[in-house]
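Student: A structural model of the following input is requested.
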Amino acid sequence: MPLTHRYAENLSALASPVAPQVLSGQRLQLVNHALATSLRLPESWWQQNHITEQLSCPASVLSAGAVAQKYGGHQFGQWNPYLGDGRGLLLGEATDKNGHSFDLHLKGAGQTPYSRGADGRAVLRSTIREYLGSEALHALGIASSRSLCLFSSDETVFREQPEPGAMMIRTSPSHIRFGHFEFYYHNGEKDKLDALFQYTLANHFPECLDAENPHLALLNTIVLRTARLIALWQNHGFVHGVMNTDNMSIHGITFDYGPYAFMESFKSNAVFNHSDHQGRYAFNQQPSIGLWNLNVLAHCFSDYCSVDDIRAALMKYETTFIGQFQHVMAARMGLPADAPGTQDVVNQWLELIEKEHADYTSSFRKLALTNYAENKSSLRDNFIDRQQFDSWWQQYQQHRDNSVSQDTLLNLNPVVVPRTHLLQHAIEQAQAGDFSECEALLQAVTSPFDTCWDNHKYAKPGEANQGGMLSCSS
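Tutor: From the prediction side, this is the model:
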């Protein structure tokens with residue numbers, strides 16, 4: 001299957017040709033066959049040695065047009081113009097069975113001009129976390145990059161400690177980040193910024209070309225998609241961990257998995273990135289950081305849109321975020337979205353489970369299981385302050401929509417998410433050469449609503465009912 005290289009051909013100043021550098025003892029361990037089929041990728045690729053041979057041959061379909069992308073970004077609020085794909089390569093673009101374009105991107109491919117002295121490698125730990133995390137979010141209905149395949153190796157990579165090296169191939173509509181636009185805007189390279197906008201509109205947002213102002217239509221689209229994405233993160237207790245603008249996709253998808261986590265014990269200001277000392281990217285800060293990042297991106301539109309139009313586009317973020325958050329949360333709890341009192345019931349529920357340090361995912365699942373039971377004791381027994389729970393329950397019963405079936409609620413409230421301790425166990429097994437736990441956990445997180453998991457070990461919180469701090473090193 002031929003790949004195209006439109007990005008590299010049209011934006012050569014943002015693309016440096018680099019040949020992938022395979023790892024010693026590289027072995028194909030995980031393959032997302034369903035995704036591969038939907039993307040019309042050749043079945044021959046998944047024969048044990050074929051894809052590794054493709055990556056190691058500079059003239060092959062997968063390697064011949066590989067490039068590292070250049071971009072900048074605001075990292076923890078500070079502008080950094082020296083960023084780029086330090087260990088990843090865009091292998092090229094292809095078209096799926098529905099005619100949609102997608103990127104193939106190799107992570108852990110070795111040094112590039114943007115490695116900034118690093119080794120260009122990825123460790124097995126972080127690669128497994130991204131592989132499982134991105135597929136889990138997709139299964140939850142949260143827009144995300146996708147995981148295509150994962151390679152282990154005999155090569156050692158040094159981070160805080162020696163770890164096994166790994167590679168993965170992921171897919172995405174594109175790998176264009178907020179930071180691509182920022183790089184040209186802050187460098188004052190208007191002609192190149194023009195070319196980037198033209199490429200983006202023509203190849204990824206052609207529907208915007210029919211608008212009176214295509215650039216404004218593009219900004220509006222990015223604002224709305226980002227708001228909806230983060231509303232879903234907040235609904236499911238997902239903490240991204242590093243919402244720098246170089247980690248923000250113009251497509252409004254979850255992107256660049258680092259020290260992410262799903263909250264266990266509900267703590268609204270939870271932080272899992274051990275480098276985030278000020279809590280900039282805490283769970284309850286994600287909505288405002290999303291808007292902050294969009295404001296930064298909006299500066300890049302200043303030569304194409306009026307200040308009033310840009311301001312109006314950004315003002316849509318809050319109303320879209322709130323509307324999406326409330327609509328999804330009401331649906332998960334079986335409440336009528338627009339009825340008076342619904343939001344009070346939701347807010348009091350969140351306050352209650354935070355006060356009780358209850359497990360976030362399990363609390364919603366138990367509520368769905370309890371909704372139509374004859375008594376509430378199984379849910380009530382999870383709370384210490386029974387009086388406050390009883391008061392809330394009475395209000396909940398008065399407001400809930402009795403026409404909503406329990407099956408509907410169970411299909412909106414997952415049993416299984418990739419909890420930190422589950423990921424760590426799978427990683428440790430894989431580091432010892434056994435990927436069966438990765439495969440088993442992958443099966444669970446990609447069928448997260450299935451009742452077969454309700455009494456499974458994957459549904460249970462970790463011992464401390466809260467994931468610990470996570471490293472950015474990967």
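
Student: could you pull out the helices for the stretch 351-474 of the chain?
Tutor: 360-370, 377-380, 386-399, 406-410, 420-431, 436-445 (DSSP state H, counting those that start in this stretch).

Student: need the ones you listed in TSV with mean neighbour count, distance to residue 250 and mean pLDDT, can you?
Tutor: Every C-beta, even on glycine, is put in place using the N, C-alpha and C of the backbone. Listed next are the helices of the stretch 351-474 of the chain as TSV, based on neighbours: other Cβ atoms under 10 Å; distance: least, Cβ to Cβ, whole Å; pLDDT from 0 to 100:
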stretch	mean neighbour count	distance to residue 250	mean pLDDT
helix 360-370	21	29	95
helix 377-380	13	42	86
helix 386-399	14	39	95
helix 406-410	16	33	95
helix 420-431	19	28	98
helix 436-445	18	26	98
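
Student: ok, residue 151 - how many residues close by?
Tutor: 25 (other Cβ atoms under 10 Å).

Student: and the helices of the stretch 351-474 of the chain: which comes nearest residue 185?
Tutor: helix 420-431 (37.1 Å; Cβ to Cβ).

Student: how far does that closest one sit from its chain's centre?
Tutor: Put simply, helix 420-431 sits 19 Å off its chain's centre (Cα atoms, centre = their mean, to the nearest Å).

Student: what lies in contact with that helix?
Tutor: The contact list for helix 420-431 (Cβ atoms under 8 Å, 6 or more residues apart in numbering) reads 29, 124-125, 128-129, 132-133, 152, 163-164, 261-262, 264, 272, 435-438, 441, 458, 462-463, 467-468, 470.

Student: any idea how far residue 234 lies from residue 62?
Tutor: Applying Cβ to Cβ, to the nearest Å, the value for residue 234 to residue 62 is 38 Å.

Student: where does this protein have low pLDDT?
Tutor: 1, 371-375, 464-474 (pLDDT under 70).

Student: change it to 50
Tutor: Filtered on pLDDT under 50, the chain yields no residues whatsoever.

Student: ok, and for the lengthiest helix in it, which residues are buried?
Tutor: Longest helix in the chain, counting residues (DSSP state H): helix 307-333. Of all the residues in helix 307-333, those buried under the rule 16 or more other Cβ atoms under 10 Å are 309-310, 313-314, 317, 320-321, 324-326, 328-333.

Student: so what does it touch, helix or strand wise?
Tutor: helix 214-236, helix 286-298, helix 342-355, helix 360-370 (3 or more Cβ pairs under 8 Å, 6 or more residues apart in numbering; DSSP states H and E).

Student: so can I have CSV of the ones you listed showing distance to residue 422?
Tutor: What follows is the helices and strands packed on helix 307-333, written out as CSV (distance: least, Cβ to Cβ, whole Å):
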stretch, distance to residue 422
helix 214-236, 16
helix 286-298, 23
helix 342-355, 21
helix 360-370, 12
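
Student: tell me who's in contact with residue 393.
Tutor: Here residue 393 is in contact with 376, 380 (Cβ under 8 Å, 6+ apart).

Student: can you say which of the helices and strands packed on helix 307-333 is nearest to residue 386?
Tutor: Nearest of the helices and strands packed on helix 307-333 (Cβ to Cβ): helix 342-355, 11.1 Å.

Student: what's the angle from the closest one to helix 360-370?
Tutor: Going by axes from the mean of the first three to the mean of the last three Cα atoms, to 10 degrees, helix 342-355 is angled at 120 degrees with respect to helix 360-370.

Student: helices or strands up against helix 342-355?
Tutor: helix 307-333, helix 360-370, helix 386-399.

Student: possible to save those as CSV with distance to residue 423?
Tutor: Below are those laid out as CSV (distance: least, Cβ to Cβ, whole Å):
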stretch, distance to residue 423
helix 307-333, 24
helix 360-370, 14
helix 386-399, 31
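
Student: which of those sits closest to residue 379?
Tutor: When the helices and strands packed on helix 342-355 are compared by Cβ to Cβ, helix 360-370 sits nearest residue 379, at 4.2 Å.

Student: report the distance from stretch 198-216 to the chain centre.
Tutor: Centroid separation for stretch 198-216 versus its chain: 25 Å, with Cα atoms, centre = their mean.

Student: residues making contact with it?
Tutor: Outside stretch 198-216, the residues touching it (Cβ under 8 Å, 6+ apart) are 6-7, 10-11, 101, 173-174, 176, 197, 217-218, 221, 250-251, 301, 304-305, 309-310, 313.

Student: what residue spans form the domains of the chain?
Tutor: 6-176, 335-403 (automatic domain parsing).

Student: can you count the residues close to residue 48?
Tutor: 9.

Student: swap in residue 384?
Tutor: As a measure of burial, residue 384 has 10 neighbours, counting by other Cβ under 10 Å.

Student: how near is the closest residue to it other than its chain neighbours to residue 195?
Tutor: Distances taken as Cβ to Cβ, 6 or more residues apart in numbering put residue 356 closest to residue 384, at 6.1 Å, once the chain neighbours are dropped. Distance, residue 356 to residue 195, by Cβ to Cβ: 54 Å.

Student: of all the helices of the stretch 351-474 of the chain, which one is nearest residue 25?
Tutor: helix 420-431 (14.0 Å).

Student: the nearest residue to residue 193 once chain neighbours are set aside: helix or strand, and which one exactly?
Tutor: Among residues not flanking residue 193 along the chain, residue 184 sits closest, at 4.0 Å (Cβ to Cβ, 6+ apart). Assigned by DSSP states H and E, residue 184 falls within helix 178-187.
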